[in-house]
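A.B. asks: Quick one, structure for this:
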Amino acid sequence: MPLTLRLGNDDLRRCRFAVSPLCQTHEALRMLRRSARHGYHRAWLRRAAPAVAGLDLSPLWLFIPPAGGYTPDFLGPPPEEPYPRFEEELARVRATDPALARTEMARSLACSPGLAESPRGRAALDDPAAAVRRLADLTEQAWQALVAPDWSRHRAVLEADIAHRSRQVADAGLDALFTGLHPDVDWADGSLTLPVRGDLTDAQRADGRGVLLMPSVFVWPDVVSGFARPWQPTVIYPARGMGALHGDEVPGPPEALARLLGRQRAAVLAGLEDPASTTDLARRHGLAPSTVSAHLSVLREAGLLGSRRQGHRVLYGRTPLGDAVVAGA
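C.D. replies: Predicted coordinates:
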């Protein structure tokens, strides 16, 4: 069932992006529950299997319906800033008003007949404050086990997606941005039309706050019109480059390029399909940050790389000359 958001001038002025480690954690959990997403993350699922087996996620599964449906929004509220830290976001979860938590948990349980009357369902609704604490603790465990080990790589892909789409807006305006988010997203005559699962009664409405756009490495093949009222209208969409993110290993550089530059330096250059920081590259290639920094300096001096600042981080990306060198190799 589609949801149409008619965006006025205030909404268009206030559209924004964010990267949320908390929302990525819950998309990872939803991906575990929804087998339609598994084919795009087989390597990650294999690596995560021991960590998943070591977690008792049943209290969370109560509120993440396997076939779709509503998950309480307080578990991963839309971030108020572009790049929040996980600890800051989790503190917001722990501070949730029990009355709001109960309302949203009841809405979620209603998606599965009989679940609200089950022992666990009744316990959560009878003591929502305790349920919030328990679900926040489990979310923290899931973050540490499933997402945190790969977060630097995930964040690099998400930030690269935002940089790409920001350039789209600069070059061609919001039409290019909205029409390129996902095949199921339609943009025409100032209206953004999104697919919605379930009841539209409490679905988000454009109200002058703008639309929050959040790329995700786990949401494909879906696009999610996340968050019911009163939360800000939000679209969680698949990030560009997520398809290669969970490969089993980083591919080696072309042999000719390795002979020209040295294997490590060639691997750094060839692997920069999307901008990344020194720390990201050190983890990706198993090198010391100082070694990566030295390689980046040489490649930049040669005109093969450029850099830009993203918050407190410096991201490196290939120049057209760098692209040509890699392609030629």
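A.B. asks: Quick check: His312 vs Leu272, distance?
C.D. replies: 20 Å (Cβ to Cβ, to the nearest Å). In this view, the C-beta of every residue, glycine as well, is placed from N, C-alpha and C.
A.B. asks: Phe17 now?
C.D. replies: Distance of Phe17 to Leu272, computed by Cβ to Cβ: 22 Å.
A.B. asks: re earlier: which of His312 and Leu272 has more residues huddled nearby?
C.D. replies: Leu272 (24 against 7; other Cβ atoms under 10 Å).
A.B. asks: for that one, helix, strand, or coil?
C.D. replies: coil (DSSP: H, G, I helix; E, B strand; the rest coil).
A.B. asks: Enumerate every residue touching it.
C.D. replies: 281, 305, 316-318, 322 (Cβ atoms under 8 Å, 6 or more residues apart in numbering).
A.B. asks: Go again with 6 Å.
C.D. replies: For Leu272, the contacting residues are Arg318, by Cβ atoms under 6 Å, 6 or more residues apart in numbering.
A.B. asks: which SS class is Pro65?
C.D. replies: Under three-state DSSP, Pro65 falls in the coil class.
A.B. asks: Please renumber the chain so that the first residue is 26 from this point on.
C.D. replies: Got it, first residue is 26 now, which makes that one Pro90.
A.B. asks: So it is in contact with Ala135, correct?
C.D. replies: No - if you go by Cβ atoms under 6 Å, Pro90 and Ala135 don't touch, sitting 10.2 Å apart.
A.B. asks: Looking at those two, which has the bigger crowd around it?
C.D. replies: Pro90 (20 against 15).
A.B. asks: Residues contacting the longest helix belonging to the chain, please?
C.D. replies: Longest helix in the chain, counting residues (DSSP state H): helix 176-197. Helix 176-197 has contacts (Cβ under 6 Å, 6+ apart) with 42, 44, 201-202, 240, 242, 264-267, 270, 299-301, 304-305, 308, 335.
A.B. asks: which of the residues you listed count as buried?
C.D. replies: 42, 44, 202, 240, 242, 264-267, 270, 299-301, 305, 308, 335 (16 or more other Cβ atoms under 10 Å).
A.B. asks: Most widely separated two among those?
C.D. replies: Maximum pairwise distance in the buried ones among the contacts of helix 176-197, criterion Cβ to Cβ, is 30.5 Å, between Leu202 and Arg308.
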